[in-house]
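Undergrad: build me a model:
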Amino acid sequence: MSSQADIIPAHVRAFSQLLITLRAELSNDLDLVLILAVISERYYARAAQADCPPPGTSDAASTNRALGINTLSVALYAAIPRETARRKIGTLVDKGWVKCDARGNLSPTEQAAGDLAKATAATLSYLDVITQTDQNATNTDQNDQNPMMPRGE
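TA: Alright, predicted model coming up:
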């Protein structure tokens, strides 16, 4: 079996482990994973565009009003029913992982980063497996195309 054929089994194995870890870290609810990811992605995308300080810093308070995403937008973006998104966002707020400002803008908290360190490590491990598997497959494909390249035993 070539290295190219090894990509799919390696991906599925690593992805399964990632989902198991994320599910366990977020109260056995993968919708919480998706909603927190959407809130974080939209917040940090806007923060990067606005060149804003990260949440939790003293300078962030004045700029957070323009950042984040509201509940309806989360529901639409993630294709989750609005009431389901509202309940799950309430769970994330109760856990201290998401905050909601007076205008309804949602943003991740520093507490989420700390509490979910294991989930972040699992995500980075998954990305490492995928990167290594893809690099190995690319190297094997290049060696197969170049007959002058020495083959490892």
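Undergrad: tell me who's in contact with Leu72.
TA: Contact analysis of Leu72 by CB atoms under 8 Å, 6 or more residues apart in numbering lists 82, 85. Where you see a C-beta, it was placed from the backbone N, CA and C, and this is true even at glycine.
Undergrad: could you list every residue that touches Gln17?
TA: Per CB under 8 Å, 6+ apart, neighbours of Gln17: 122, 125-126.
Undergrad: name the residues of whatever helix or strand it lives in that are buried.
TA: Element membership for Gln17, per DSSP states H and E: helix 3-25. Using 16 or more other CB atoms under 10 Å as the test for burial, helix 3-25 gives 3, 10, 14, 18, 21-22, 25.
Undergrad: report the mean per-residue pLDDT for that helix.
TA: Across helix 3-25, the average pLDDT comes to 85.
Undergrad: likewise for stretch 96-105?
TA: For stretch 96-105, mean pLDDT is 95.
Undergrad: what of stretch 114-121?
TA: 94.
Undergrad: same thing with stretch 78-86?
TA: Here the average pLDDT along stretch 78-86 is 97.
Undergrad: residues in contact with it: which ones?
TA: Stretch 78-86 is contacted from outside by 31, 34-35, 38, 71-72, 74-75, 88, using CB under 8 Å, 6+ apart.
Undergrad: may I ask which of these has the most neighbours?
TA: Compared across the contacts of stretch 78-86, Ile35 has the highest neighbour count, 26 neighbours, by other CB atoms under 10 Å.
Undergrad: can you tell me the element the closest residue to that one other than its chain neighbours falls in?
TA: Leaving aside its chain neighbours, Ile35 sits nearest to Lys88 (5.2 Å; criterion: CB to CB, 6 or more residues apart in numbering). Per DSSP H and E: Lys88 is located in helix 82-95.
Undergrad: helix or strand right after that helix?
TA: From helix 82-95, the next helix or strand downstream (DSSP H and E) is strand 98-100.
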